[in-house]
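Enquirer: the following comprises the amino acid sequence and a computationally predicted model.
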Amino acid sequence: MPGPIYVTTLLDRADVLDWVSTAREGGNSKRKDSALETHALLKFSLADIPAGASLVSATLHYYVERSTPDPTDLIQLYFIEDDSWSSQDSPSPDLYNWPNGGNLITEYPPGSPPGWRTADVLLWLNSEFVNGRKTFSLKWEVLGSGDGSERCASPGAYRSELAPYIEVVYQSVPATNPDLSITRGDITFSPMTPGPNTYVQITAKVRNNGGSTATNVLVRFFDGFPKTDLSNQIDGNQYISSIPGGGGTGIASVQWTAPDAPGYPSLHNIYVQVDPNRNIPFIHEGNKTAFRPFWLFLDYANYFEDFEVPADGRTEHWQRDWEMPLLPSGENPRMAGSDLSRLRNDRLGQPTTSLHLGMDGFSDDGNVFIKRRIPINPGSGPTINLSFWLTNTSSQNVVAMFIGDYEPEVEKDFFLNGVPSVSKWKEYTYQQAIPGTSEASEIWVALGVSITWESQFEYFVDDITITVT
């Protein structure tokens, strides 16, 4: 007798064992971040699909966040049979040239607007599964310029809901036990964009794809990753009295008072655990914990950062990033102690704290920068104004700035003002309008320096002002 049809198993970012965000011929240094670019690799774990299952369908979902109208570009997605590669251990040229084996899954032309794409990967994923392999690898290749203009969101996407995932439908072996699961899409909020100190109802839909009814199902909600002492649990334990098998669902919900977030927007990851004490016999353990992020939205039009210490609760929203060639020795360039706060006389001559960026002087290309997110109302078409003060110990490099609805990753994303920075405090400004057609709920603002000369340098940034109009 065949077993039940499992509605979905989502191989999401928690099931991604390894990925390469960027691989370039000759090598480069780039932290693993939000973008899958030219010759990127992605490796999923198949461990949550039970042995003996019969796969019905497998669909890859991936989000194209940026594309180019360059007619010479053609984006191709390949199944990689040899998935012995490692983002940590394989040299960058090897990753760039990792053989695709001719296993083309799909391709799409340049100029397509950003958005979700799907690809049927059943044939290739099933071949790995039936042969007892525990992983499934993919590779993006771009025929043409291959300059990083084509991007897909990675498992590290800053908006986790844009991360690639595979939706698998399968028929299991005959089962009698319950099999509970929850996914990111099963968690909802009302309202979706609450203000501080307001009530939010959080609802979780729990699925039972097993062969029997689950009773007295414990569900816990958390603000952030679940702590063992339950100190960040929301509204105590919740129970679902009964969830029928064969794809039945049950609902649990809590009332939560969104915390105060003075002067700044706040990003929260709401986690839900199902049967955390394992009181219910299960078929397999996968997908019993899920989380969904949302902004505690403050409709402020002005943001200011002076990097004072002790931190005012805002410095943490800035992230450091870089893109530079590898050294001739194959080592990564050294950031020379860059950090987000260091004592330095500010532009008024007062002994205060400014942001510090430094470089060891071995690279003559690339960029070093900081970036952060700002929430906006989708479709509102705002104009973003950026101003900041900067001083440095070298005038060899050029100031770089960015405002946009995707995360900046490489030097070509930035507006380079073409004027070398000066060795005294100077104010720099930049303005950019976000199209009203953009569906983004967040925009990125970044600033830094574009490296043009092999020399050691130290930069100090202070008094960053961002206005949204």
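Expert: It's in.
Enquirer: do me a favour and get the backbone dihedrals for residue 126.
Expert: phi -60, psi -40 (degrees, to the nearest 10).
Enquirer: from residue 155, how far out is it?
Expert: Separation of residue 126 from residue 155 (Cβ to Cβ, to the nearest Å): 22 Å. Placement of C-beta: from N, CA and C, glycine included.
Enquirer: same deal with residue 242?
Expert: Residue 242 is 35 Å from residue 155, by Cβ to Cβ.
Enquirer: also residue 56?
Expert: 25 Å.
Enquirer: neighbour count winner among the two?
Expert: Shown here are residue 56 and residue 155; by other Cβ atoms under 10 Å, residue 155 has more neighbours (23 against 13).
Enquirer: helix, strand or coil for residue 94?
Expert: At residue 94 the chain is in helix, as set by DSSP: H, G, I helix; E, B strand; the rest coil.
Enquirer: give me every residue that touches it.
Expert: residue 85 (Cβ atoms under 8 Å, 6 or more residues apart in numbering).
Enquirer: read off the pLDDT value for residue 193.
Expert: Looking at residue 193, its pLDDT reads 62.
Enquirer: I meant residue 173, not that one.
Expert: Among the per-residue scores, residue 173 shows a pLDDT of 61.
Enquirer: then residue 63?
Expert: Per-residue pLDDT puts residue 63 at 86.
Enquirer: burial count for it?
Expert: 20.
Enquirer: same question, residue 241
Expert: 9.
Enquirer: cool, and residue 176?
Expert: Around residue 176 there are 11 residues (other Cβ under 10 Å).
Enquirer: would you confirm that it contacts residue 246?
Expert: No - Residue 176 is beyond contact range of residue 246, at 11.6 Å (criterion: Cβ atoms under 8 Å).
Enquirer: tell me if I'm right that residue 21 and residue 40 touch.
Expert: Yes - between residue 21 and residue 40 there is a contact under Cβ under 8 Å: 6.2 Å.
Enquirer: need the overlap of contacts for those two.
Expert: With Cβ under 8 Å, 6+ apart, residue 21 and residue 40 have common neighbours residue 154.
Enquirer: bridged to residue 189, which residues?
Expert: residue 202 (DSSP bridges).
Enquirer: which residues does it contact?
Expert: 200-203, 270, 292, 294.
Enquirer: and with 10 Å instead?
Expert: 200-203, 256, 258, 268, 270, 292, 294 (Cβ atoms under 10 Å, 6 or more residues apart in numbering).
Enquirer: residue 61 now?
Expert: Counted by Cβ under 10 Å, 6+ apart, residue 61 has contacts 10, 12, 116-119, 162-167.
Enquirer: can you pull out the strands in the stretch 101-250 of the chain?
Expert: Shown for the stretch 101-250 of the chain, the strands assigned by DSSP state E, counting those that start in this stretch span residues 104-108, 115-120, 135-143, 151-153, 165-171, 180-181, 187-190, 199-208, 214-223, 238-243, 248-257.
Enquirer: so which of those is nearest residue 368?
Expert: Smallest distance to residue 368 across the strands of the stretch 101-250 of the chain (Cβ to Cβ): 20.5 Å, for strand 151-153.
Enquirer: what is that closest one packed up against?
Expert: strand 35-36, strand 54-66, strand 74-80, strand 135-143 (3 or more Cβ pairs under 10 Å, 6 or more residues apart in numbering; DSSP states H and E).
Enquirer: out of the ones you listed, which is closest to residue 402?
Expert: strand 54-66 (12.8 Å).
Enquirer: got the angle for that closest one vs strand 104-108?
Expert: 30 degrees (axes from the mean of the first three to the mean of the last three Cα atoms, to 10 degrees).
Enquirer: picking up where we left off before, what's the overlap in contacts for residue 176 and residue 246?
Expert: Joint contacts of residue 176 and residue 246 (Cβ under 10 Å, 6+ apart) are 210-212.
Enquirer: how about TSV for those, with neighbour count and distance to residue 405 added?
Expert: Formatted as TSV, the shared contacts of residue 176 and residue 246 follow (neighbours: other Cβ atoms under 10 Å; distance: Cβ to Cβ, whole Å):
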residue	neighbour count	distance to residue 405
210	29	42
211	17	46
212	16	48
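Enquirer: for residue 355, state which of these is nearest.
Expert: Once Cβ to Cβ is applied, the member of the shared contacts of residue 176 and residue 246 that ends up nearest residue 355 is residue 210, at 53.1 Å.
Enquirer: just checking, that closest one touches residue 50?
Expert: No - between residue 210 and residue 50 there is no contact under Cβ atoms under 10 Å: 11.1 Å.
Enquirer: show me where the chain has helices.
Expert: Here the chain has its helices, by DSSP state H, at 92-96, 122-130.
Enquirer: please name whichever of these is nearest to residue 451.
Expert: helix 92-96 (19.0 Å).
Enquirer: output the closest one as CSV, nothing but the C-alphas.
Expert: Extracted in CSV, the C-alpha atoms of helix 92-96 (Å, rounded to 0.1, in the frame of the first residue of the first chain):
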residue,chain,number,x,y,z
SER,A,92,38.9,30.2,-6.6
PRO,A,93,40.1,29.3,-10.2
ASP,A,94,38.9,25.7,-9.6
LEU,A,95,35.5,27.0,-8.5
TYR,A,96,35.3,29.3,-11.5
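Enquirer: for it, buried residues please.
Expert: For helix 92-96, burial by neighbour count (16 or more other Cβ atoms under 10 Å) applies to 92, 95-96.
Enquirer: for residue 116, which non-adjacent residue is spatially closest?
Expert: residue 63 (5.5 Å; Cβ to Cβ, 6 or more residues apart in numbering).
Enquirer: give the contact list for the one you found.
Expert: Residue 63 neighbours (Cβ under 10 Å, 6+ apart): 36, 114-117, 151-154, 157, 159, 161-165.
Enquirer: can I get the buried ones among those as something I can paste into ChimeraX?
Expert: Buried subset of these, written as a ChimeraX selection, criterion 16+ other Cβ under 10 Å:
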select :36,114,117,151,152,153,154,157,159,162,163,164,165
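Enquirer: between the contacts of residue 63, which is closest to residue 236?
Expert: Each of the contacts of residue 63 was checked against residue 236 using Cβ to Cβ; the closest is residue 161, at 27.5 Å.
Enquirer: what pLDDT does that closest one get?
Expert: Residue 161 is given a pLDDT of 72.
Enquirer: ok, it touching residue 185?
Expert: Yes - counting by Cβ under 10 Å, residue 161 touches residue 185, with 8.6 Å between them.
Enquirer: identify the contacts common to the two.
Expert: In contact with both residue 161 and residue 185: 12, 292, using Cβ under 10 Å, 6+ apart.
Enquirer: coming back round to it: where among the helices and strands packed on strand 151-153 is average confidence lowest?
Expert: Among these, strand 35-36 scores lowest, at a mean of 76.
Enquirer: what lines up beside it in the sheet?
Expert: Short version: by DSSP bridges, strand 35-36 pairs with strand 151-153 (antiparallel).
Enquirer: what pLDDT, on average, does the partner strand get?
Expert: 82.
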